[in-house]
Structures are given as structure tokens and as C-alpha cells.
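Engineer: Fold the following and give me the result.
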Amino acid sequence: MTERLIQLGEIWHNTIPVSEFMQITPESYHDDTLSVSAPLAPNINLHHTMFAGSIYTLMTLTGWGAVWLNQGLCQVEGDIVLAKADIRYLAPVGAKPVAKVRWPDADLSGLAKGRKVKVTLQVALYCDDKCCAQFEGTYVSLPHLPLA
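Structural biologist: Predicted coordinates:
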């Protein structure tokens, strides 16, 4: 799994430039839970806490990463997009944030049959073991279409 986490980080940094600037890093994936972090320094606002846009980006990519990792585990491929999202900012983030998402019992096999798949994920952002933000995102994975 370590190689897949490294690959995930490289995909983000190579295709979403802000993720590299933010230094977003997949940390671990075990017990169906993906943990992703970013240092506070490049994501700080005028209040010396994490910028709301950085929180949103970190949580969005954490959910996206969970879909991508699970597609790999199921040996299916699809283009993942965020279709709908809602975030609640609960407390200022004044230390290193860690976003966590637990993979639900979602069936991705439709991708192998040429069908899109929809998954709703709950992502929580922690700072010093306190939940500082909650994010719900609906991700859609579109099957790769064969070239004509």
C-alpha cells in the first residue's frame, strides 16, 4: 500500500498544482481508512490558522484519494469527479491537520461494465485529536470509454 500512497501523492502534485504547494501528503490507509495531511505553514491565514480554502481542498482530495485507492483495490478504473459537497467548519485549525475518511461498503464493479459509479463519503479533519471540520462529498467515477 505504501507504493500506492506515494503514487497517489504524485498524481495530485502532477495534476493539481495547488496540492503540491499545500504539501498535501497521503499518510496511511488501513482498516478502510485513508489519512491525509498537510503542514500548517503553507496553508495559514491572517489569523495564524488554516485557510478555509486549504481545509476544503485537503478534504476534497482525501475523499477523491479514497475512491482512487479503492478503484485500484477492485481493479477497476474511472475518471473521478466531485459532484456535490458540503462542509462544516467547526473550530480553527491551529496545528497540523489530518483528514480521515473511512471507505463505506461501496460497490465499484459497475465501472468494469461501463457504468458510472456514485459514492458519498464522510471526511473529518482533525487537529490535536479534535474534529475541526466535517465534509460530505459525493464522488462520481465515470468509466473509461474505449477509443473508436
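Engineer: Against which helices or strands is the longest strand belonging to the chain packed?
Structural biologist: Under DSSP state E, the strand in the chain containing the largest number of residues is strand 130-143. Judged by 3 or more CB pairs under 8 Å, 6 or more residues apart in numbering; DSSP states H and E, the packing partners of strand 130-143 are helix 52-73, strand 78-89, strand 117-127. Every residue, glycine included, has its C-beta placed from N, CA and C.
Engineer: Strand 130-143 and the last one, what's the angle between them?
Structural biologist: Spelled out, that is strand 117-127. Angle, strand 117-127 to strand 130-143, by axes from the mean of the first three to the mean of the last three CA atoms, to 10 degrees: 160 degrees.
Engineer: How far does strand 117-127 sit from its chain's centre?
Structural biologist: 7 Å (CA atoms, centre = their mean, to the nearest Å).
Engineer: now do the longest one
Structural biologist: When distances are taken as CA atoms, centre = their mean, helix 52-73 is centred 1 Å away from the chain's centroid.
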